[in-house]
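Asks: build the 3D model from these lines:
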Amino acid sequence: MPYSPHALQVKTAVPADAAEMVEIYRPYVEDTAITFEYAVPSVKEFKQRLENVLKRYPWLTVRERENGRMLGYVYASPFKERAAYEYSVETSIYVRQDVRRQGAGRMLYHVLEALLAAQHVINLNACVAYDATEGQDEHLDNASVFFHQQMGYTQCAHFHQCGFKFGRWYDMVWLEKMLTEHPLRPELFVPFAKLANVRSIIAAAVADFR
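Replies: The predicted structure is shown next:
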């Protein structure tokens, strides 16, 4: 049954969240080709990833408000490191597998987009493993592709047999979404660590979620 927005709590992730995020991520590494990582990162490594991301971009968690159970997390990272890519990010999302398709992922992306817009980011890019077997692969389906399309992303690239995991080759696609039109003179990018009113932006986005 889908979650009511009032049943969910979205916050900026903190290092103490790392252990729970590792456990959400673990089955994606061990059992799926959704991520191309082979080994589950340690809690220490996850904390380092989190701290590095938060210098410039949001990293959010969503929890059940009633009992505090973490349901998933989302973050943005550099699309490329060159200065001209400052207005583009790569988005990543992982939701506890027993609550997929119940609204937590949509909530996370909705709030993430509000924060990125406040940073003056325009281009969102998602790198997604692609099942070319028409549903015959036990480690991958195209649910992530469909999810991003429902969130307003459109496919813009398809790379063939570029990832090897579980003894077979996997395709990968890129999907993109624009938060605004591209102005002739974009406003300066604001690093997340310097973004004002983060809690207010999150609260407004949650209230606006449908």
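Asks: quick one, strands of this structure?
Replies: 8-12, 59-64, 70-78, 88-95, 123-130, 154-165, 168-178 (DSSP state E).
Asks: and the fifth one, which residues are buried?
Replies: What it means is strand 123-130. Asn123, Leu124, Asn125, Ala126, Val128, Ala129, Tyr130 (16 or more other Cβ atoms under 10 Å). For every residue, glycine as well, the C-beta is placed using N, CA and C.
Asks: not counting sequence-adjacent ones, nearest residue to Thr180?
Replies: Closest residue to Thr180 apart from its sequence neighbours, by Cβ to Cβ, 6 or more residues apart in numbering: Ile122 at 5.6 Å.
Asks: list the contacts for that neighbour?
Replies: Going by Cβ atoms under 8 Å, 6 or more residues apart in numbering, Ile122 touches Tyr87, Ser88, Met178, Leu179, Thr180, His182, Pro186.
Asks: need the pLDDT of the last one.
Replies: The predicted local confidence for Pro186 comes out at a pLDDT of 96.
Asks: enumerate every residue touching it.
Replies: If you count contacts by Cβ under 8 Å, 6+ apart, then Pro186 has Tyr87, His120, Ile122 around it.
Asks: what's the separation between the residue nearest to Thr180 and Ala204?
Replies: As judged by Cβ to Cβ, to the nearest Å, Ile122 and Ala204 stand 20 Å apart.
Asks: next one: Gln149
Replies: 26 Å.
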